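Participant: Structure here, sequence nowhere to be found:
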């Protein structure tokens, strides 16, 4: 029985070049975008909105989000570059002479692209929402703790618009405060707390400072009735101006979006589904678009390709906005861009192979 190999020499050659190029292009795009985000993250840290420990976590999640966003253009450009180089080096002429036509070229390309589509689907439907939700959670928690981070050893620190004043003699490496003095004002009532130690804890989803082994004095200025007490532990709630954490629509789980009737959430669902579909459509478009003469060079059609991609992406965005506003049906808003792309692909294939070839393909005959 003849041994049938799944990957031919041509498949392995295209797969190797294509995967390397996708990785390189995606890396460059992600580095450029994340570098800009990194500057914004550093500014937030300098302004005291987030801690230095949160920078790495937010940056890592931003890398994930950027990778999902730029997976589609990276694959599109990579196919154009790899096939364009093969046309320039006249490798396509050699393959054509050996009987490998456009159909065979599509098979070789899609043996590489199909696994990439599965990865993009997983990243778009599951990884990106998880990353977006965690970015929002980290920033929300950091903003809640912004006043606590302002507490420095050896000096007075204000919290809650001056109603809470801290003095800490020493802060250990595990963030435990030692020899703590606190003045707490609530309306006309004034309180003073001294404690050996204090630490920040989250109790019932609220932020508290727990004082350990101390004394508390509370009363109104000028009164003789003051409350004096000693305690082993005393918890003080820290008010937060950030409110309740609201998960952005980008951070809602895909399974939850499947049950929604909200137009904005439906638009987000279709946006996630568009990533793998866009890769498939743009790769089909890239194969005829990559054809260049040897003198044109590897970048012969890249300018036109960029124009096509940005038009495609902008049409997707406009359709999404129309869906959110209810100006067009959800079904039409999602599929209109792909129907237009399919029409353009037919034009490209006719331009590459001729109208007769296209008719024969539609009739199921090979050339």
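Facilitator: Received, thanks. Treat the numbers as computed from the prediction; the structure is a model and nothing was measured.
Participant: which stretches of the protein form helices?
Facilitator: According to DSSP state H, the chain carries its helices in the segments 9-46, 52-88, 91-97, 102-122, 128-144, 146-149, 254-257, 263-289, 302-325, 330-353, 355-362.
Participant: What average pLDDT does the first one get?
Facilitator: Read it as helix 9-46. The average pLDDT for helix 9-46 rounds to 86.
Participant: mind checking how far that helix is from the chain centre?
Facilitator: Relative to its parent chain, helix 9-46 has a centroid offset of 13 Å by C-alpha atoms, centre = their mean, to the nearest Å.
Participant: likewise the fourth one?
Facilitator: When distances are taken as C-alpha atoms, centre = their mean, helix 102-122 is centred 23 Å away from the chain's centroid.
Participant: What is it packed up against?
Facilitator: helix 9-46, helix 52-88, helix 91-97, helix 263-289, helix 330-353 (3 or more C-beta pairs under 8 Å, 6 or more residues apart in numbering; DSSP states H and E). Every residue, glycine included, has its C-beta placed from N, CA and C.
Participant: Is it possible to get CSV of these that adds mean neighbour count?
Facilitator: Putting those into CSV (neighbours: other C-beta atoms under 10 Å) gives the following:
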stretch, mean neighbour count
helix 9-46, 15
helix 52-88, 20
helix 91-97, 14
helix 263-289, 21
helix 330-353, 16
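Participant: related to what we said a few turns ago, to residue 230, which of the helices of the chain lies closest?
Facilitator: helix 146-149 (24.7 Å; C-beta to C-beta).
Participant: can you pull the contacts of the closest residue to residue 71 other than its chain neighbours?
Facilitator: Once flanking residues are discounted, residue 71 sits nearest to residue 120: 4.9 Å by C-beta to C-beta, 6 or more residues apart in numbering. When contacts are counted by C-beta atoms under 8 Å, 6 or more residues apart in numbering, residue 120 touches 68, 71, 72, 75, 275, 276, 279.
Participant: on that earlier part again, which one, of the helices of the chain, ends up nearest to residue 189?
Facilitator: Closest among those, using C-beta to C-beta: helix 146-149, at 20.6 Å.
Participant: thinking again about what came up before, how far away is the residue nearest to residue 71 from residue 266?
Facilitator: Distance, residue 120 to residue 266, by C-beta to C-beta, to the nearest Å: 21 Å.
Participant: do the same with residue 133
Facilitator: 19 Å.
Participant: cool, residue 55 as well?
Facilitator: 35 Å.
Participant: Please convert the helices of the chain to a markdown table, extending it with distance to residue 179.
Facilitator: Converted to a markdown table, these look like this (distance: least, C-beta to C-beta, whole Å):
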| stretch | distance to residue 179 |
| --- | --- |
| helix 9-46 | 28 |
| helix 52-88 | 25 |
| helix 91-97 | 76 |
| helix 102-122 | 52 |
| helix 128-144 | 25 |
| helix 146-149 | 17 |
| helix 254-257 | 49 |
| helix 263-289 | 51 |
| helix 302-325 | 56 |
| helix 330-353 | 62 |
| helix 355-362 | 83 |
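Participant: Which among those helices is found nearest to residue 227?
Facilitator: Of all those, helix 146-149 sits nearest to residue 227, with 25.5 Å by C-beta to C-beta.
Participant: Give the rounded mean pLDDT of the closest one.
Facilitator: For helix 146-149, the per-residue pLDDT averages 61.
Participant: just stretch 272-287 next, same as before
Facilitator: On average, stretch 272-287 scores 90.
Participant: Stretch 163-180 now?
Facilitator: 82.
Participant: Quick check: buried residues in it?
Facilitator: 164, 165, 166, 167, 168, 171, 177, 180 (16 or more other C-beta atoms under 10 Å).
Participant: Domains in the protein, by residue range?
Facilitator: Per automatic domain parsing, the domain ranges recorded for the chain read 9-144+247-362, 161-237.
Participant: would CSV of the ones you listed with distance to residue 153 be doable?
Facilitator: Compiled in CSV, the domains of the chain are given as follows (distance: least, C-beta to C-beta, whole Å):
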stretch, distance to residue 153
domain 9-144+247-362, 16
domain 161-237, 5
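Participant: Tell me which of the ones you listed lies nearest to residue 151.
Facilitator: Of these, the one closest to residue 151 (C-beta to C-beta) turns out to be domain 161-237, at 5.1 Å.
Participant: ok now stretch 339-354, how far from the chain's centre?
Facilitator: 33 Å.
Participant: Same check on stretch 247-266?
Facilitator: 16 Å.
Participant: Run through this structure and note the low-pLDDT ranges.
Facilitator: Counting by pLDDT under 70, the chain shows low-confidence ranges at 1-7, 47-48, 90-102, 144-150, 159-162, 205, 221-224, 238-246, 292-300, 352-367.
Participant: Would you state the strands of the stretch 151-300 of the chain in chain order?
Facilitator: Applying DSSP state E, counting those that start in this stretch to the stretch 151-300 of the chain gives strands spanning 156-159, 164-171, 177-186, 189-203, 206-220, 227-237.
Participant: Not counting its own residues, what contacts the fourth one?
Facilitator: Which is strand 189-203. In contact with strand 189-203 (C-beta under 8 Å, 6+ apart) are residues 145, 148, 168, 175-185, 207-221, 234-236.
Participant: got it, and the last one?
Facilitator: Residues outside strand 227-237 that contact it (C-beta under 8 Å, 6+ apart) are 182, 184, 193, 195, 201, 203, 206-219.
Participant: I appreciate the help and will end here.
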